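In: Starting from these lines, generate the structure:
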Amino acid sequence: MQFPQRGAASPAALALASLCLCLSFPAAAQYQWTCRTSGPNGGNTGPPFEGLHGVAYDAYIPVDHVTGPTPCFNVPAGPTALIYKGDGDAYLPGYAIQSWRVEENLWFRAQSQDQQTPLIASAGQSRNYGYGSPLNGSTLSILDEDGIPSDCFLWNAAGTASTANWHYDLTYPTSTQGQVHYYGTASNPLESSAAAIAWDMRTTIETANLDYITARVNYNHSCYPAHTIMVNDFLVYQYVPPRNDTTYITGCLLFQLGKIIGQQSQDTHVPCN
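Out: Below you'll find the model as predicted:
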């Protein structure tokens with residue numbers, strides 16, 4: 001059997017997510033809102049069926065770059081603030097997330113209580129830059145990639161966060177519901193592990209009406225960076241932080257101040273497949 005792929009129009013593509021930062025945008029998703037078998041006279045006019053539900057959690061830095069809390073030392077410039085590559089416009093309507101710090105993703109069917117894929121846990125690479133970056137004066141680009149590590153000049157270092165503390169569970173509260181629970185923490189591998197993105201996200205898919213599948217999110221996460229839940233590449237929940245400065249980021253990640261906690265007040269109609 002084959003499974004869907006994030007960002008693909010066909011529900012029959014293999015459900016594999018990239019383990020690195022995507023470099024280009026795929027075609028916008030063509031959402032499938034009704035899943036019905038072929039009728040006696042052709043067309044999708046037969047009985048409805050339950051498609052696959054792909055639930056993805058992502059955390060991403062919503063700007064081109066941010067300033068880190070610790071400096072590096074460049075000769076002759078002296079102490080220099082390191083900047084970190086962000087994910088920019090990682091989310092665009094109608095597209096899968098393109099770049100992230102954290103992603104958890106799986107596919108299932110609720111009524112048959114059948115998990116169709118294993119958890120896909122993917123950490124985006126962290127990259128920092130020293131004196132002279134961004135070389136074009138505004139945004140990080142290929143001009144900053146000099147390939148010389150640990151010199152505090154242009155590109156300086158890279159690393160990938162551990163996924164060891166990323167978890168999930170998949171339960172079925174009723175005969176028509178499936179609930180995906182993603183939770184964990186992730187730290188920048190180039191900074192202190194005491195500062196961490198934290199998330200505890202529950203997404204409930206309701207399939208009682210197969211012609212109108214819905215989702216609702218219970219959310220609990222750090223106030224930085226941006227956080228999203230997507231179902232079949234359709235945005236169900238999004239939080240974008242109000243600030244991207246070092247003081248705000250430190251408060252959110254090191255001290256876990258201002259956590260964002262709540263439950264959506266209404267269901268969201270989501271694609272059936």
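
In: contacts, neighbours, all on C-alpha from now
Out: Fine.

In: Tell me which stretches of this structure form helices.
Out: For the chain, the helices defined by DSSP state H cover 246-253.

In: Low-confidence stretches in it?
Out: Along the chain, segments meeting pLDDT under 70 span 1-29.

In: So for the residue nearest the centre of the chain, what's the nearest residue that isn't a sequence neighbour?
Out: By CA atoms, centre = their mean, the chain has its centre lying nearest to Asp58, at 1.6 Å. Distances taken as CA to CA, 6 or more residues apart in numbering put Glu103 closest to Asp58, at 4.5 Å, once the chain neighbours are dropped.

In: Contact partners for that neighbour?
Out: Contacts for Glu103 were tallied using CA atoms under 8 Å, 6 or more residues apart in numbering; they are 56-59, 120-123.

In: Quick check: the farthest pair among those residues?
Out: Ala59 and Ile120 (14.4 Å; CA to CA).

In: Just confirm the residue nearest to the centre of the chain contacts Val231, I think it does.
Out: No: Asp58 is not in contact with Val231 according to CA atoms under 8 Å; the separation is 11.6 Å.

In: give me every residue that touches Tyr131.
Out: So Tyr131 contacts 74, 77, 80-82, 152-154 (CA under 8 Å, 6+ apart).

In: Could you export those as a markdown table, including neighbour count?
Out: Formatted as a markdown table, these follow (neighbours: other CA atoms under 10 Å):
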| residue | neighbour count |
| --- | --- |
| Asn74 | 15 |
| Ala77 | 11 |
| Thr80 | 18 |
| Ala81 | 18 |
| Leu82 | 25 |
| Cys152 | 26 |
| Phe153 | 23 |
| Leu154 | 25 |
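
In: which one among these gets closest to Asp144?
Out: Nearest member of these to Asp144, counting by CA to CA, is Leu154, at 5.2 Å.

In: and Ala59 and Ile120? which has more neighbours close in?
Out: Neighbours were counted for Ala59 and for Ile120 using other CA atoms under 10 Å; Ala59 has more, 31 against 16.

In: what sits against the more buried one?
Out: Counted by CA under 8 Å, 6+ apart, Ala59 has contacts 100-103, 225-228.

In: Neighbours of Ala196, how many?
Out: Neighbour tally, Ala196, other CA under 10 Å: 21.

In: partners of Ala81 in the sheet?
Out: Judged by DSSP bridges, the bridge partners of Ala81 are Pro71.

In: so it touches Gly130, yeah?
Out: Yes: the pair Ala81 / Gly130 is scored as a contact, 6.7 Å apart, by CA under 8 Å.
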